[in-house]
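J.: make a model of this:
(2 chains)
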Number of protein chains: 2
Amino acid sequence: MAAIDFWYEFASTYSYPAAMRIEECAAARNVAVRWRPFLLGPIFGDQGWTTSPFNLYPAKGRYMWRDLERICLARGLAFRRPDPFPQNSLLAARVATALEGEERARFSRQVYRAQFVEGLSIDGPDRVAGILDACALPPAALSRAGSAEVKDALKESVAAARKLGIFGAPSFVTGDGELFWGDDRLEAALDWAVAHA
Amino acid sequence: MAAIDFWYEFASTYSYPAAMRIEECAAARNVAVRWRPFLLGPIFGDQGWTTSPFNLYPAKGRYMWRDLERICLARGLAFRRPDPFPQNSLLAARVATALEGEERARFSRQVYRAQFVEGLSIDGPDRVAGILDACALPPAALSRAGSAEVKDALKESVAAARKLGIFGAPSFVTGDGELFWGDDRLEAALDWAVAHA
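T.: Reported below is the predicted structural model:
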């Protein structure tokens, strides 16, 4: 079975529509999806950026909000602009790292829903506990998120992303190491995974 | 009839595949295309960039070359990487500005062909004269390109692009002022133009 790694960052705007459709798109092509939460902050930091490029470059930022609004509208996805942007995604990324398989995917979609549908913060133990509860997951992942093991695993994910040449999110990496960047490359990435499985 | 403004920069890599398909894609939807050559240099300069962001951010640059190679392969377009990159596009942009209608479009496609198919420089009067000749256009546009009128018209195009919120190329602007950025947004831009004509 063909497989794809889905690299996402909870504060990344275009990761939201990708997360909401990747399982359906992949299933239609019989491709397995491995959810890989990571942090863009350290990678942006390599480029000298201390916040999202959408904040650093206002024309690009204005365009992104409008483009995302159009994409969500066309796909029947609700959309609210997070405030502040970007959200602090560290705790949510650690909790996602502490989860596995379908539970990680379910939690991750719920983080995006909280942020972009309900317009809620995704930061702080109370909010993250609420997100776990909203998708019927036990609170234990929140305690595990504080362990050295999970913190290190997330750091290793960031290092792995950097090594793969990832510079933005969402990114998709096929089994043969081909990198695709952006929600708009999801179909191309899946097709590549199938053709080169 | 619905219409779209196609904003392109000759040194822009993703403008190449867009230029080679826009007329066919637009004709299929009965949308008229207005070719709008402009310069990204002054707009990048606003953001403090002195060269292409693909040079400033190496991971992004490496990805772009591979992505473009894949896109061209999938569409049956030849592809050679320009050297140096980015090319100096000022003279070619002035000549395109000095031309109109179908001649401007024909010359523009030939500039992309020279650069990305033949791997030639697009700078200097001799090269640009060769490009005019290769697409059966008289050399007169080259002399007109040096006139104050044409120089000012190109400056006005850059100012108009900036005012529209354009920050990259290719960009597409519909009659109702909706902005779309990137070759991968061409279909969405044309569909929007039809729906809001």
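J.: spell out which parts of chain A neighbour chain B.
T.: A:47, A:57, A:59-60, A:62-63, A:66-67, A:70, A:74, A:165-168, A:179-182, A:184-185, A:188 (C-beta under 8 Å from any C-beta of the partner chain). Placement of C-beta: from N, CA and C, glycine included.
J.: mind giving me the PyMOL select for the residues you listed, buried ones only?
T.: Entered in PyMOL, the line below selects the buried ones among the residues of chain A next to chain B, by 16 or more other C-beta atoms under 10 Å in any protein chain shown:
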select buried, chain A and resi 57+59+60+63+67+70+165+166+167+168+179+180+181+182+184+185+188
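J.: okay, now the unreliable bits of chain A?
T.: By pLDDT under 70, chain A has no low-scoring segment.
J.: how near is residue A:119 to residue B:117?
T.: Going from residue A:119 to residue B:117 by C-beta to C-beta, to the nearest Å gives 49 Å.
J.: neighbour count winner among the two?
T.: Each of residue A:119 and residue B:117 has its neighbours counted (other C-beta atoms under 10 Å in any protein chain shown); residue B:117 has more, 16 against 13.
J.: contacting residues for the more buried one?
T.: B:77, B:78, B:79, B:80 (C-beta atoms under 8 Å, 6 or more residues apart in numbering or on different chains).
J.: hmm, 7 Å instead?
T.: Shown in contact with residue B:117 (C-beta atoms under 7 Å, 6 or more residues apart in numbering or on different chains): B:78, B:80.
J.: again, but for residue A:79
T.: Contacts of residue A:79 (C-beta under 7 Å, 6+ apart): A:68, A:69, A:72, A:116.
J.: mind giving me the packing neighbours of the lengthiest helix in chain A?
T.: Longest helix in chain A by number of residues (criterion: DSSP state H): helix A:58-75. Here helix A:58-75 touches helix A:15-28, helix A:53-56, going by 3 or more C-beta pairs under 7 Å, 6 or more residues apart in numbering or on different chains; DSSP states H and E.
J.: so which residues of chain A form strands?
T.: A:2-8, A:31-37, A:171-174, A:179-181 (DSSP state E).
J.: just checking, what packs against the second one?
T.: Judged by 3+ C-beta pairs under 7 Å, 6+ apart, the packing partners of strand A:31-37 are strand A:2-8, helix A:15-28, helix A:90-98, helix A:101-112, helix A:186-195.
J.: and the shortest one, by the same measure?
T.: Other elements packing on strand A:179-181 under the criterion 3+ C-beta pairs under 7 Å, 6+ apart are strand A:171-174.
J.: may I see the PyMOL selection of the buried members of the contacts of residue A:79?
T.: Restricted to buried positions by 16+ other C-beta under 10 Å, the PyMOL selection for these reads:
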select buried, chain A and resi 68+72+116
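J.: distance between the ends of stretch A:129-146?
T.: 13 Å (C-alpha to C-alpha, to the nearest Å).
J.: pull out the buried residues from it.
T.: Result for stretch A:129-146 [16+ other C-beta under 10 Å]: buried residues A:130, A:131, A:132, A:135, A:137, A:141, A:142, A:145.
J.: one step back: is it possible to export the helices and strands packed on helix A:58-75 to CSV including mean neighbour count?
T.: Shown next, in CSV, are the helices and strands packed on helix A:58-75 (neighbours: other C-beta atoms under 10 Å in any protein chain shown):
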stretch, mean neighbour count
helix A:15-28, 19
helix A:53-56, 16
